[in-house]
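> Requesting a structural model of the entry that follows:
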Amino acid sequence: MAKEPEDLLAIGEVSRRTGVATSALHYYEQLGLITSTRTGGNQRRYSRHMLRRISLILVAKRLGIALADVQEVFATLPADTRPLARDWRRVSRRWEAQLERKKREIEQLQEELTGCIGCGCLSLNRCRLLNPEDELAEQGSGPRRIGVNLD
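Next up, the predicted model:
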């Protein structure tokens, strides 16, 4: 008999299908990222569409998107039904802007690293122009110009 898309999946099946440990699934559920129902025997069952939500959590983690951001976005999605394509597009647009900001930050860091390590200081000739009299030393040790804040 073929399985229907509405079938409920046991936690072991969800873990196997997504590659996510059951303990992580419990954690995601505590955070409200995914939901389950309980059987008469108190076993968790997940709607099949939770596989997509879990996959999106994994993609977000790979992209460096914090779980708090995932929580915020998922709060706008229906938990009891399969999200529509327009829902996923909205999530994608939001994260695209966030990733674009991260990309610009990395590009700026690359540019700054080309000529200077951030006033720690490895480029004394150049730093005499950018950091005369070693003024940045007053702010403490470590890199100071590369957007790194150690305080």
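
> mind checking the SS state of the residue nearest to residue 80 when sequence neighbours are not counted?
Leaving aside its sequence neighbours, residue 80 sits nearest to residue 35 (C-beta to C-beta, 6 or more residues apart in numbering; 7.2 Å). C-beta: built from backbone N, CA, C; applies to glycine. Assigned by DSSP: H, G, I helix; E, B strand; the rest coil, the conformation of residue 35 is coil.

> Let me know whether my guess that residue 12 is in a helix holds.
Yes - Residue 12 forms part of a helix when assessed by three-state DSSP.

> What score does it have for pLDDT?
Reported pLDDT at residue 12 in the predicted model: 95.

> Over to residue 133?
Looking at residue 133, its pLDDT stands at 64.

> Same check on residue 76?
Looking at residue 76, its pLDDT stands at 85.

> contacting residues for it?
87, 90 (C-beta atoms under 8 Å, 6 or more residues apart in numbering).

> Helices along the protein, start to end?
According to DSSP state H, the chain carries its helices in the segments 11-18, 22-30, 50-62, 67-74, 85-115, 124-130.

> which stretch in those has the least confidence?
Of all the helices of the chain, helix 124-130 has the smallest average pLDDT, which comes to a mean of 55.

> list the contacts for the residue nearest the centre of the chain?
Central residue of the chain (C-alpha atoms, centre = their mean): residue 65, 1.8 Å from the mean position. Contact analysis of residue 65 by C-beta under 8 Å, 6+ apart lists 95, 98-99.
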